[in-house]
Every structure is written in structure tokens, then in C-alpha cells.
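**Q** pasting the sequence and the predicted coordinates here, then a few questions.
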Amino acid sequence: MSRMQGEMLPLMMTHTQLRTNPAGKISAVKPSGPGLFLVGFCSVRYGLALILHLCNFSIYTQQMNLSIAITAMVNHTEASSQPNSSTEQPSMDSLGSWNETLKEAKALAPVYDWSPEIQGVLLSSLNYGSFLAPIPTGYVAGIFGAKYVVGVGLFVSSVLTLFLPLAADAGLALLIVFRVIQGIAQVMVLTGQYSIWVRWAPPLERSQLTTLAGSGSLLGTFVVLLVGGLLCQTIGWPYIFYIFAMIKSLPLWAIVVSYFCEYWLFNTIMAYTPTYISSVLQASPKDSGILSALPFLVGCISIVLGGLLADFLLSRKVLRLIIIRKVFSATGVFFSSMFLVPLPWVRSSQGATMAFLVLSAASSSFCESGALVNFLDIAPRYAGFLKGLLQVFAHISGAISPTVAGVFISQDSNAEFGWRNVFLVAAAIDIVGLIFYLIFARAEVQDWAKEEALTHF
């Protein structure tokens with residue numbers, strides 16, 4: 001097969017299946033009806049469109065964050081002859097319910113005396129070098145590959161976003177330079193991705209794939225404008241740049257995904273253990289309550305033992321921190337899933353059922369010394385904020401998982417297959433989250449979470 005044929009293979013194989021007829025010849029069969037929709041929607045092309053959607057989302061949050069942050073960065077009441085002088089942001093009495101940490105963070109956010117002309121230069125500086133970048137970007141993408149161009153552009157833009165608050169405090173000229181370079185890097189992402197669609201977008205799907213990817217730009221603009229004003233008013237404008245730079249951090253996403261998946265299993269067990277014991281083991285309400293409490297009592301003990309063991313291994317330098325996090329996460333997820341899945345097959349034995357429930361809860365608690373505490377390792381500076389963010393995903397999981405379990409149970413008259421599907425889905429989601437965590441998790445402090453020294457020009 002020639003190189004050109006290999007490159008065009010994704011287009012040639014669109015929605016096509018190969019079948020061998022009785023004569024031994026291979027023929028192409030094209031699915032129709034609902035099968036065609038499923039084959040297309042679950043294809044690699046749509047996965048690629050989703051990835052580029054997230055890339056465009058990230059790029060436009062970085063483009064627009066200064067537009068909303070500048071409303072809080074500029075001192076609208078005081079005039080000063082210094083173009084880059086700063087004062088402390090005035091306090092707000094309406095935030096009395098917030099804790100002292102948020103108040104201190106907001107008080108440290110500087111305010112600059114920038115004239116409307118300077119603000120115009122800052123907001124337009126993103127485009128100063130951008131009009132020269134698209135042509136060479138497309139050329140380079142054709143030579144080295146679009147994935148490298150898009151990846152480098154997204155990385156450079158994200159790193160510069162982290163340092164924009166420092167650049168603003170260091171000097172107006174440095175801030176403009178950062179924005180110019182950031183604009184060029186963003187053009188690399190927005191232009192380079194179309195070299196991917198040349199090979200991966202069939203003519204009949206080209207519009208839907210490119211628009212699905214491009215819709216991330218509008219969603220990113222919507223999110224940053226919706227959330228940015230709240231962030232400026234509560235914790236200070238620098239956090240707009242920090243937070244929207246965090247979303248490009250794979251180690252952080254590894255923890256987020258792990259939180260969602262592990263809490264899916266935990267919330268399912270917590271919500272349905274009394275129901276399962278009552279309906280499957282035919283226990284009375286009193287016995288059901290006692291038996292349901294037992295796994296969580298054992299889990300309470302094992303979670304403490306797991307923490308002691310993790311710290312012991314770290315203090316004695318038996319294992320590195322990242323290995324400890326991954327080993328404890330893998331132990332918790334694998335064994336809790338392994339003991340959960342066989343429950344429908346041992347439903348006739350009360351002893352076996354309770355043993356598996358207890359062992360599942362006990363092993364699941366080891367995750368608390370793994371992925372669930374990993375955010376303290378990668379970003380201790382933002383521990384409070386990140387814990388709140390992670391709890392959002394945990395509660396989203398808790399809002400979905402019992403509902404899904406109820407649907408499965410209601411679809412089966414005797415509930416046997418319903419319970420089996422509940423446990424299989426919970427275990428599968430937990431394992432998928434574990435795989436993602438094992439690949440991308442880190443334990444060192446990330447660049448966006450490090451303290452930086454300010455240098456004034």
C-alpha cells in the first residue's frame with residue numbers, strides 16, 4: 001500500500017464493513033439505519049472532534065480571560081501618572097460569609113491605573129502577531145504533523161496564561177509581549193487542526209465534524225464570561241488565569257476523573273446497600289439496618305489503617321510518593337470491584353453476600369490514600385479550592401449513579417439481572433477511571449501551583 005493510500009484509508013473506510021462471501025471474496029458492506037448512526041457517532045473521527053472541541057474550548061477561555069479580568073484589574077476611581085502602578089483592591093463587605101483565606105487572596109490582587117488607550121492595546125495585542133502566523137503554521141503542520149503543532153501551541157498558550165498575572169505586575173511591556181506570543185501559539189491550535197480534517201473528515205461528514213470541534217470556542221467564551229466575573233469579585237482577578245490554566249493539566253484531570261468514577265461506585269453502594277440486603281436477603285428493616293452498617297464500620301477502620309500504611313511506606317522511603325498513590329488507588333479500585341461484581345451470583349448465601357460487601361468497602365477505602373488525596377501533592381497552594389472543585393464532580397456522580405441503578409433494577413422483573421448490571425457498570429466505570437489515573441497521575445507540585453517571586457520593572 002502506498003503512502004497516499006494509507007493516508008486516505010480513514011476516508012475510504014467510512015461506515016464500511018468487510019464481509020467474506022461463500023466464494024471466498026471480500027466485499028464491502030455499508031450499514032444502514034440506526035446502525036449507521038451508531039457506527040459513525042462512536043467512531044474515532046467523533047472522538048477526534050471531541051478532543052479538538054476541548055482544545056478550542058481551552059484556547060478561547062485563554063483568549064477571553066483578560067477581557068473579563070481587566071474590569072477588575074483597572075482602577076476606575078483613582079488616576080495616576082504611572083501607567084503600571086498598583087494599589088490594593090478594596091474590600092467588599094458583602095462577602096462576609098466567605099472565609100479568611102478568600103478575603104486575603106482577594107486583597108492581594110493588584111489594581112492598575114491603565115488608561116482606556118492602554119487597555120485597548122492590551123486587548124488587541126493578542127492579534128499583533130497572529131495575522132502572520134496562519135500561513136507558516138499550515139505549512140509546518142503539513143511537514144511535521146498537525147498533532148505536534150496543535151500540542152505545542154496549546155502548551156505554550158497554557159504556560160503563558162499562568163504567568164500573565166506575574167507579567168502584569170512586572171511591567172506593561174512584558175504583559176504585551178506575553179499576549180503577542182500567546183496569540184501566535186493560539187493560531188497554531190486554531191489553524192493546525194484543519195490539517196487533521198483533511199485526512200479524517202469524509203466529505204459527507206466534514207461540516208458536522210468541523211462544527212462540532214469549532215463549537216468549543218463558543219462554549220469556552222460562554223464559560224469564561226459566565227464564571228470569570230464571579231471569580232474576579234470573590235477571590236481576585238489573578239485566579240481567572242490560574243484556574244483556566246489548570247484545566248489543561250492532565251495530572252489534575254486524572255484526579256477529577258478518578259473522583260467521579262470512584263464516587264460512582266461509592267454512591268451506588270451507599271445508596272443501595274440497605275435495599276439490596278432487604279430485597280435479596282429478605283431481611284427485616286432492623287436486620288437490614290444492622291447489616292448495612294457493617295461494611296461502613298469496617299471501611300472506617302481500614303481507611304485509617306490505609307493512611308498509616310501509606311505514610312509508613314513514604315517515611316521509610318520504601319516507595320516513592322507517586323507509586324504509593326497509584327498502588328493504593330489500584331488496590332482500592334481493583335479489589336472493591338472484584339468483590340462487588342460476584343454479588344448477584346452469591347445472593348443465596350447471606351454469609352457470602354455480607355463478606356463480599358464488607359471486603360469491597362474495606363478495600364475501597366484505600367483510595368483515600370491514593371487518588372483522592374493526590375490534589376494535596378500537585379497543588380497544595382490551591383488545596384481548598386481544588387477540594388471544592390473535586391467535590392462538585394463527586395456530587396455530580398452521586399446525582400447520576402443511583403438514578404442509573406434505579407433504571408437498571410426497574411427493567412428486570414425479579415431484579416436479578418438488574419442488580420448484576422448495576423454492579424458491572426459501577427465496577428467498569430471505576431476501572432476506567434483507574435486506568436486514566438494510572439496513565440496521567442503525578443505527585444510533584446505542578447508549575448501552575450508553584451509560588452512565584454514578583455519582579456518590578
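**A** Perfect, thanks for sending it.

**Q** what's stretch 432-443 in contact with?
**A** With CB atoms under 8 Å, 6 or more residues apart in numbering as the contact definition, stretch 432-443 has outside contacts at 250-251, 253-255, 257-258, 260-262, 320-322, 325-326, 329-330, 333-334, 371, 374, 377-378. To be clear about C-beta, it is placed using only N, CA and C from the backbone, and glycine gets the same treatment.

**Q** just the buried subset of those residues, written out for PyMOL, thanks.
**A** Here is the PyMOL command that selects the buried residues among the contacts of stretch 432-443 (16 or more other CB atoms under 10 Å):
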select buried, resi 251+253+254+255+257+258+260+261+262+325+326+329+330+333+334+371+374+377+378
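
**Q** in helices, which of the contacts of stretch 432-443 fall?
**A** 250-251, 253-255, 257-258, 260-262, 321-322, 325-326, 329-330, 333-334, 377-378 (DSSP state H).

**Q** strands along the protein, start to end?
**A** Per DSSP state E, the chain carries strands over the ranges 17-20, 26-29, 86-88, 110-112.

**Q** from the contact counts, what lies against the last one?
**A** Yep, that's strand 110-112 we're talking about. Strand 110-112 sits against helix 44-73, strand 86-88, helix 146-170, with contacts defined as 3 or more CB pairs under 8 Å, 6 or more residues apart in numbering; DSSP states H and E.

**Q** could you dump these to JSON lines with distance to Ile176, mean pLDDT and mean neighbour count?
**A** Converted to JSON lines, the helices and strands packed on strand 110-112 look like this (distance: least, CB to CB, whole Å; pLDDT from 0 to 100; neighbours: other CB atoms under 10 Å):
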{"stretch": "helix 44-73", "distance to Ile176": "11", "mean pLDDT": "84", "mean neighbour count": "20"}
{"stretch": "strand 86-88", "distance to Ile176": "17", "mean pLDDT": "44", "mean neighbour count": "14"}
{"stretch": "helix 146-170", "distance to Ile176": "9", "mean pLDDT": "86", "mean neighbour count": "20"}
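
**Q** could you dump these into TSV with distance to Leu225 added?
**A** Below are the helices and strands packed on strand 110-112 laid out as TSV (distance: least, CB to CB, whole Å):
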stretch	distance to Leu225
helix 44-73	6
strand 86-88	25
helix 146-170	16
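
**Q** do you know which of these lies nearest Ser349?
**A** Among the helices and strands packed on strand 110-112, the nearest to Ser349 by CB to CB is helix 44-73 (43.0 Å).

**Q** neighbours around the residue nearest to Pro344 when sequence neighbours are not counted, how many?
**A** Once flanking residues are discounted, Pro344 sits nearest to Arg420: 4.3 Å by CB to CB, 6 or more residues apart in numbering. Arg420: 18 surrounding residues under other CB atoms under 10 Å.

**Q** got a pLDDT number for Arg420?
**A** pLDDT recorded at Arg420 is 90.

**Q** what's the nearest residue to the residue nearest to the spatial centre of the chain if we skip its chain neighbours?
**A** When CA atoms, centre = their mean is applied to the chain, the residue found nearest the centroid is Trp253 (3.7 Å). In this structure, Trp253 finds its nearest non-sequential neighbour in Phe440, 6.7 Å apart by CB to CB, 6+ apart.

**Q** ok, now how distant is the one you found from Arg381?
**A** As judged by CB to CB, to the nearest Å, Phe440 and Arg381 stand 20 Å apart.

**Q** and this protein, what are its domains?
**A** Here the domain parsing of the chain from automatic domain parsing is 40-248, 250-447.

**Q** and these, which one's lowest on average pLDDT?
**A** Among the domains of the chain, domain 40-248 has the lowest mean pLDDT, at a mean of 76.

**Q** roughly how far out does it sit from the chain middle?
**A** Here domain 40-248 shows a centroid-to-chain-centroid distance of 17 Å under the convention CA atoms, centre = their mean, to the nearest Å.

**Q** and for stretch 360-368?
**A** 23 Å.

**Q** could you work out the end-to-end span of that stretch for me?
**A** For stretch 360-368, the separation between the terminal residues is 14 Å (CA to CA, to the nearest Å).

**Q** cool, stretch 408-427 as well?
**A** When the termini of stretch 408-427 are compared using CA to CA, they are 15 Å apart.

**Q** got it, and stretch 357-372?
**A** By CA to CA, the extent of stretch 357-372 from end to end equals 21 Å.

**Q** also stretch 128-147?
**A** One end of stretch 128-147 to the other measures 25 Å (CA to CA).

**Q** residues of it that come out buried?
**A** Buried, per 16+ other CB under 10 Å, within stretch 128-147: Tyr128, Gly129, Ser130, Ala133, Thr137, Gly138, Val140, Ala141, Ala146.

**Q** cool, and stretch 435-453?
**A** Phe436, Tyr437, Leu438, Phe440, Ala441, Arg442, Ala443, Gln446, Trp448, Ala449.

**Q** neighbours of the residue lying closest to Pro342 once chain neighbours are set aside, just the number please.
**A** Nearest residue to Pro342, sequence neighbours excluded (CB to CB, 6+ apart): Phe356, at 6.3 Å. Counted with other CB under 10 Å, the neighbours of Phe356 add up to 20.

**Q** just Ile324 next, same as before
**A** For Ile324, the neighbour count with other CB under 10 Å is 22.

**Q** and it, how far from Ile301?
**A** From Ile324 to Ile301 the distance is 20 Å (CB to CB).

**Q** next one: Glu117
**A** For Glu117, the distance to Ile301 (CB to CB) stands at 66 Å.

**Q** also Val189?
**A** Following CB to CB, the distance that separates Val189 from Ile301 is 50 Å.

**Q** how about Ala245?
**A** Taking CB to CB, one finds Ala245 at 40 Å from Ile301.

**Q** for Asn374, same thing?
**A** Distance, Asn374 to Ile301, using CB to CB: 23 Å.

**Q** ok, back up a step: now, the buried residues of stretch 435-453 that are in helices?
**A** Those of those lying in helices (DSSP H): Phe436, Tyr437, Leu438, Phe440.

**Q** from the residues you listed, which single one is nearest Tyr46?
**A** Phe436 (19.0 Å).

**Q** for the closest one, give its distance to Val140.
**A** 31 Å.

**Q** cool, Ala371 as well?
**A** 38 Å.

**Q** and for Trp114?
**A** 35 Å.

**Q** cool, and Leu389?
**A** Between Leu389 and Val140 the distance, using CB to CB, works out to 36 Å.

**Q** now the helices for the stretch 151-300 of the chain?
**A** 172-200, 206-234, 238-246, 250-280, 285-315 (DSSP state H, counting those that start in this stretch).

**Q** and of those helices, who's closest to Pro344?
**A** helix 250-280 (8.4 Å).

**Q** on contacts alone, who are the packing partners of the closest one?
**A** With contacts defined as 3+ CB pairs under 8 Å, 6+ apart, helix 250-280 has these neighbours: helix 285-315, helix 321-340, helix 350-364, helix 375-378, helix 383-410, helix 416-440.
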